[in-house]
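K.L.:
Kindly return the folded structure for what I paste below:
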Amino acid sequence: DWGCGCGRTARFFTDVAHYTGADVDGFNVDWCRAHLPGQWVTLPPHPPTPLPQDAFDLVFGLSVMTHLDAPVRAAWLAELARVTAPGGLALLTVLGPTGAASEPLTAGEAAAYARDGHCFKRLDHRIGAAVGEPAYYGNAFVTHAHVGATWSAAFEAVAIVPAEGGFRQDVVVLRKRR
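P.N.:
This next block holds a predicted model:
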């Protein structure tokens with residue numbers, strides 16, 4: 001559970017499987033360690049991590065890639081590929097077309113999104129302050145074409161499930177190449 005936060009997802013799965021949660025927010029990791037079973041790891045804001053290579057059959061990040069600028073996303077994607085077992089899956093959410101349509105973008109942001117397939121809208125958030133990088137956190141919007149073109153080095157894009165039902169995030173299903 002990459003970006004486990006306060007265990008919002010872990011609470012539903014810790015009794016059915018060995019669970020590892022990891023986050024840059026040490027306060028939340030400490031809370032999970034004290035209240036939930038499993039292994040809990042505080043991560044640095046940038047890879048590498050102390051997690052073992054090829055260790056996880058399933059890695060998921062809900063509402064994490066949605067908040068990282070392109071260079072940070074690329075670094076984390078490479079790290080997630082490193083820790084995912086060959087043939088393993090990664091489920092990552094993104095703010096795709098539905099997310100971009102629901103957010104007021106400046107003219108420059110909209111132009112970057114249309115031209116480059118992605119844009120980043122920096123937000124003042126406590127995570128940026130907590131990691132010592134105010135520009136670390138924001139809303140990152142990506143097109144499906146951008147995901148397909150830039151996330152395929154170590155992973156095969158199996159599917160992108162579009163947002164629906166009022167949810168703004170698409171789910172990207174990736175399989176690590178063997």
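K.L.:
May I see the buried residues of the longest helix along the chain?
P.N.:
Ranked by residue count under DSSP state H, the longest helix found in the chain is helix 70-83. Across helix 70-83, burial judged by 16 or more other Cβ atoms under 10 Å covers Ala70, Val72, Arg73, Trp76, Leu77, Glu79, Leu80, Ala81, Arg82, Val83. Using the backbone N, CA and C atoms, a C-beta is placed for each residue, glycine as well.
K.L.:
Please apply the same query to stretch 106-125.
P.N.:
Neighbour-count burial for stretch 106-125 flags Glu109, Ala112, Tyr113, Gly117, His118, Cys119, Phe120, Lys121 (criterion: 16+ other Cβ under 10 Å).
K.L.:
Quick check: phi and psi at the nearest residue to Cys4 once chain neighbours are set aside.
P.N.:
Excluding its sequence neighbours, the residue lying closest to Cys4 (Cβ to Cβ, 6 or more residues apart in numbering) is Gly21, at 3.2 Å. With angles defined as degrees, to the nearest 10, Gly21 sits at phi -120, psi 140.
K.L.:
pretty sure Gly21 contacts Thr42?
P.N.:
No: in this structure, Gly21 is not within contact of Thr42 by Cβ atoms under 8 Å, at 10.1 Å.
K.L.:
what's the overlap in contacts for the two?
P.N.:
Val29 (Cβ atoms under 8 Å, 6 or more residues apart in numbering).
K.L.:
where along the protein do the helices fall?
P.N.:
According to DSSP H, the helices that the chain contains are 26-35, 70-83, 97-101, 107-116, 126-130, 144-150.
K.L.:
Run the chain-centre distance for the first one.
P.N.:
Counting by Cα atoms, centre = their mean, to the nearest Å, helix 26-35 is centred 19 Å from the centre of its parent chain.
K.L.:
just to revisit the earlier point, could you pull up the mean pLDDT of the longest helix of the chain?
P.N.:
Averaging pLDDT along helix 70-83 gives 96.
K.L.:
which helices and strands sit right next to that helix?
P.N.:
strand 56-61, strand 84-94 (3 or more Cβ pairs under 8 Å, 6 or more residues apart in numbering; DSSP states H and E).
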